[in-house]
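[1] this is a predicted model, with the sequence first.
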There are 2 protein chains.
Amino acid sequence: MASPGPAHLRLREYLHQTRLLASISSALYVDQNTVMPPAGAPWRGDQLALLARQVHQRQSSEAYADLLAAAQAELDAGSAPEALHNLRLLRLELKRQQALDPDLVAAIALAQSGGNALWQEARRLNDFASFAPGLELLIQLRRQQANQLACAEEMARSPWEILAQPYEPEISKARLAALFAPLKVRIPELLARLAAAPGARPNPGTPGTDPLPLEGPNPSARNQRARNELAQSLGPQNRTPLLPEALQDSLCDELLNSWGYDANRCQRSRSAHPFSCTLGPDDFRITTRMVAGQPFSAFLATAHEWGHSLYEQGLPRRGDHYFPWPLGEATSMGVHESQSLFWECRVARGEAFARRWYPRFRSGMVADPWGDAHRFWRALNPLTPGLIRVEADELSYCLHIVLRYELELALIEGDLPVADLPHEWNRRMQKLLGLVPPSDSEGCLQDIHWAEGLFGYFPSYALGHLISAQLAETLERQLGPIEQRVAERDEASLRAWLAAHVWPLGRSVTGEALVQAVSGEELSAAPFLRYLEDKLERLQATPSSRS
Amino acid sequence: MASPGPAHLRLREYLHQTRLLASISSALYVDQNTVMPPAGAPWRGDQLALLARQVHQRQSSEAYADLLAAAQAELDAGSAPEALHNLRLLRLELKRQQALDPDLVAAIALAQSGGNALWQEARRLNDFASFAPGLELLIQLRRQQANQLACAEEMARSPWEILAQPYEPEISKARLAALFAPLKVRIPELLARLAAAPGARPNPGTPGTDPLPLEGPNPSARNQRARNELAQSLGPQNRTPLLPEALQDSLCDELLNSWGYDANRCQRSRSAHPFSCTLGPDDFRITTRMVAGQPFSAFLATAHEWGHSLYEQGLPRRGDHYFPWPLGEATSMGVHESQSLFWECRVARGEAFARRWYPRFRSGMVADPWGDAHRFWRALNPLTPGLIRVEADELSYCLHIVLRYELELALIEGDLPVADLPHEWNRRMQKLLGLVPPSDSEGCLQDIHWAEGLFGYFPSYALGHLISAQLAETLERQLGPIEQRVAERDEASLRAWLAAHVWPLGRSVTGEALVQAVSGEELSAAPFLRYLEDKLERLQATPSSRS
């Protein structure tokens, strides 16, 4: 392989500086969501807008375009295919950035930061109306963005598809329809089978069990207050979970330490919404939260976010065609999510893992609320449709995504007014899961994504479930059952397999190509549905035969 | 007053953008010192260097110089004196920034961040040698900086004086010598009086009471390990303080809440070294730490850092000549420190305050380690010379500053080699306070300042003691004794007095002019020495006459 020419070296340095700037935004974002006092939001918004402008300027300038062209001119038949691939991705991104008005870029950054702040408060107070103008603005700006980007696309794409490209390159509504169709048929069947099973747990959506049944649009002041309190209990300030907070915190630490957490490079904080964020090549942050009445929330979210972080840590960051080149990046949010779900669902919610951790959980409690390891495992896998996506069971999770996907299509491409979102959310939730949120905080205000203008992002979560299942089937063909590895305390072999087959691919393949390459088959919903059916069956088996 | 002209409006917007950029550095700094994992340091250093380059570029560009000149040309006889003053300060700063080589600016930012990281580790491991190259580099770069800045100074200044200007405008070595001379005479006399008093507490520096007596330059491995452990106990990980950490934490919260802490605009975190930092016009951070064996450390540091923050919160940030203009800034670090010391020493270490808080401290303990309120007050005011500046009693504190001031003069302007610093530190510490640090972590590695290249900063701490005493005498002439106000739970009147007489002056006066304007007299050491003698006398009075 020829050594890189002078233009390539200059380009590399240019990209390094761009990455530095962009990662400053990430650092400010992490601070904003973990530590910053609320009144800091407007100034933070100005800071982020300033950085967004700078990053956009760097990514769209004539000087940068010239540098890309000069680097391209250096390539010849002897050049590494990675160099060609990097330049192709960079040219596509340049074209997109050049299509954007710098003022729009800054306005979106400002609106994202403002939307985040509005949302924090609106969710806390269960006050959708105070959030609506911010959401309205974000929708309008993102539609403008899609419009400006349309001319840069290599093929005809709808506005929603254009907005989804940064998260899920090459995704289309048609492909999503094909992938989601089996889910929309089969999951309701499985839910019905579950509800009909002897000893089925009551559906909290049925009358009498919902602690705060929904009334008309004008609930009494008392109920409104009760809803606000319930909404507030979603935040980290509620101190009455089943598991003491200090124990939850300690369990999260123990979990991470057993999965290769290196305090020299990683940091776990708390935030209202769990997330994972890479701040530099050796600086990985994850956040968790404690949720009242959800004893496993922090533990499972830690497993989940750590899965994201492991992927980031395993990306090909060294070598001349990777960091800070595009090939060193994550390929899609769907693949990203497949990694977090692997650790959350395939490992932490598995029966072998539950058997190992049950004594530790029990030892931290005055009384044992589970009784035995099998019941503890069942408690880790509640098959009860719930209101909150991030607390949802594996069976109903994808229906939460379908709900959001269809709603954001209606907001971005259809004619759904923002003001109707709460009603429409509740109506569809009732239809999909038989549940009606008693408050918007548990309904359309529960997620941070739209508050930050992230339209086009939600489907990646469902794709993550499908990809995770398909990759896990391949892994099990090669290593044997995951449950066996976990029972032998050998998660290291799972990590090693992912580190060998998935993480180092970076952006050299798309998400779908990655699945094809690793599993030998096109991505489909079949492995995920097989997995669900098997797990459902095992969870419904009588405890006595297992404990 | 004429309304601002177009060049003034453009200048204002320009300064706003510069302030935004500079405050991003502050946000990264806070993250680095509270949350960032150690391996993140090199990337963080690159980010800070990039921002330092940008800020310097903005503050030294020809376009900016033209903008300043255009704003100057808009002024006439009818212009507000504040406008003239702002422009004079901006021109001086422009001249300084133009004198600096951009590469040097970036190199200093990088070395500061690197020095911080080296210091964290060196202090933890008590390993001065690993820190020495970083310190060497910072000294060399700061000498270069002083050299480049010399031509921009309005009068002849020594290298150290030039470096001190950003912290203490118009300070000179001659003025410091005049202000410090009475301290160097009188404080040792008071220390001797104290040591000779009946019932004097043993000096921990005398043989037999020092838990780890210093050996020669090659201590045994066992002692080295013991020192490392002792050094590590300086960090927040040690869990055996007299007061449980949770209680200390809660007491800090209670203190802040009683002093007007607004969680909407403020945030308290933990860090290895307590500090206060303003991240935006409505975003104020302070940090504290828990120190093993120092039960009041976190409480008093919180009072101290909150004093800094109150000053920042009270600066004149509104109005057309203030934020983001120079007149809206703090005038000197000495004045800044006078505000933190006011709340720490005049209030939190006062007897009336101790009487009020004693029951609360006692209620959090299984057994009462103090016995009565008077003894509790005495415990808050240990008159025992110690090794650590930030834990020092009020009597010996300024000698810690004299030590550092003389050493940094020797490092920057004299011929003290970095390698000799530990030895020279210990020798002078023995001479000044009769103490020899058992480890460098408790000696020349204890402070973060030099690790970040902050030479010229330490004298501001001593100036803060003098200013605080002189302002407090004036306040008492107008409001009556502080002790009386505190006894009546009326700290609000103290805050109101400072908010009326000190904080809103911003940079409209220098530190010395502020003291002259408020107290009617030139700054001197006399009020501080009067305060010390009075407090010493009261602390030495027999408990029975007071409790």
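    The structure has been received and is ready for your questions.
[2] now do A:V390, the pLDDT please.
    Looking at A:V390, its pLDDT is 82.
[3] wait, a helix at it?
    Yes. Under DSSP: H, G, I helix; E, B strand; the rest coil, A:V390 falls within a helix.
[4] pretty sure it contacts A:A272?
    No. Using Cβ atoms under 8 Å, A:V390 is not in contact with A:A272, being 11.2 Å away. (Each C-beta comes from the backbone N, C-alpha and C, glycine too.)
[5] point out where chain A drops to low pLDDT.
    A:1-2, A:199-241, A:542-547 (pLDDT under 70).
[6] how about the residues of it near chain B?
    A:17, A:20-21, A:23-24, A:27-28, A:30-31, A:34-40, A:42-44, A:46-47, A:50-51, A:262-267, A:269, A:279-285 (Cβ under 8 Å from any Cβ of the partner chain).
[7] just the buried members of those residues?
    Among the residues of chain A next to chain B, those classed as buried by 16 or more other Cβ atoms under 10 Å in any protein chain shown are A:20-21, A:23-24, A:27-28, A:30-31, A:34-40, A:42-44, A:46-47, A:50-51, A:265-267, A:269, A:279-285.
[8] now, which of those residues lie within helices?
    Using DSSP state H, A:20-21, A:23-24, A:27-28, A:30-31, A:34, A:42-44, A:46-47, A:50-51 are the members of those that sit in helices.
[9] now do the contacts for A:A49.
    A:106-107, A:109-110, A:113 (Cβ atoms under 8 Å, 6 or more residues apart in numbering or on different chains).
[10] count the neighbours of A:A111 for me.
    A:A111 has 25 neighbours, counted by other Cβ atoms under 10 Å in any protein chain shown.
[11] check the offset of whatever helix or strand it lives in from the chain's centre.
    Counting by DSSP states H and E, the element that carries A:A111 is helix A:102-125. Centroid displacement of helix A:102-125 relative to its chain, using Cα atoms, centre = their mean, to the nearest Å, is 19 Å.
[12] first vs last residue of stretch A:388-396, how far apart are they?
    Distance between the two ends of stretch A:388-396: 11 Å, counting by Cα to Cα, to the nearest Å.
[13] can you pull the phi/psi pair for whichever residue of the stretch 351-500 of chain A sits closest to chain B?
    Taking Cβ to the nearest Cβ, chain B has its nearest neighbour within the stretch 351-500 of chain A at A:G364, 17.6 Å off. The phi/psi pair for A:G364 (degrees, to the nearest 10) reads phi -90, psi 0.
[14] contact partners for it?
    Each residue near A:G364 by Cβ under 8 Å, 6+ apart is listed here: A:243-244, A:247, A:250-251.
[15] make CSV from those and add secondary structure to it.
    Below are the contacts of A:G364 laid out as CSV (three-state DSSP):
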residue, secondary structure
A:L243, coil
A:P244, coil
A:L247, helix
A:S250, helix
A:L251, helix
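[16] out of those residues, which are buried?
    Applying 16+ other Cβ under 10 Å to these, the neighbour count classes A:243-244, A:247, A:251 as buried.
[17] and of the residues you listed, the nearest to chain B?
    The nearest one, if we look at those relative to chain B and count by Cβ to the nearest Cβ, is A:P244, at 13.2 Å.
[18] any idea how far A:G364 is from the closest one?
    For A:P244, the distance to A:G364 (Cβ to Cβ, to the nearest Å) stands at 7 Å.
[19] cool, A:E491 as well?
    22 Å.
[20] do the same with A:S3
    57 Å.
[21] distance of the residue of the stretch 351-500 of chain A closest to chain B from A:L67?
    A:G364 is 57 Å from A:L67, by Cβ to Cβ.
[22] now swap in A:L138 and tell me
    33 Å.
[23] between these two, who's got more neighbours?
    Taking neighbours as other Cβ under 10 Å, A:L138 and A:L67 compare with A:L138 leading, 24 against 20.
[24] that one reaches A:A111, doesn't it?
    Yes. Applying Cβ under 8 Å, one finds A:L138 in contact with A:A111, separated by 5.2 Å.
[25] now do the shared contacts for those two.
    A:G453.
[26] host element of A:P295?
    Counting by DSSP H and E, A:P295 is part of no helix or strand.
[27] count of neighbours near it?
    Neighbours of A:P295 (other Cβ under 10 Å): 23.
[28] same check, this time on A:A526
    15.
[29] could you do A:S258 as well?
    By other Cβ under 10 Å, neighbour count at A:S258 equals 13.
[30] now swap in A:K95 and tell me
    16.
[31] ditto for A:K431
    Neighbour number of A:K431 under other Cβ under 10 Å is 11.
[32] just A:T384 next, same as before
    Look at A:T384: counted by other Cβ under 10 Å, it has 19 neighbours.
[33] equivalent analysis for A:S332, please.
    Neighbour count of A:S332, defined by other Cβ under 10 Å: 26.
[34] in space, what's closest to it - neighbours in sequence excluded?
    A:G511 (3.8 Å; Cβ to Cβ, 6 or more residues apart in numbering or on different chains).
[35] check contacts around the one you found.
    By Cβ under 8 Å, 6+ apart, the neighbours of A:G511 are A:168-169, A:331-332, A:334-335, A:463, A:467, A:523.
[36] from chain B, how far off is it?
    Distance of A:G511 to chain B, given as Cβ to the nearest Cβ, to the nearest Å: 27 Å.
[37] ok, A:Q313 next?
    11 Å.
[38] where exactly do the helices run in the stretch 301-450 of chain A?
    A:333-341, A:351-363, A:373-380, A:397-412, A:421-433 (DSSP state H, counting those that start in this stretch).
[39] looking at those, which is buried most?
    Comparing the helices of the stretch 301-450 of chain A by mean neighbour count (mean count of other Cβ atoms under 10 Å in any protein chain shown), helix A:333-341 ranks first with a mean of 26.
[40] list the contacts of that helix.
    Contacts of helix A:333-341 (Cβ under 8 Å, 6+ apart): A:167-168, A:276, A:304-308, A:310-311, A:330, A:457, A:459-461, A:463-468, A:471, A:498, A:502-503, A:511, A:514.
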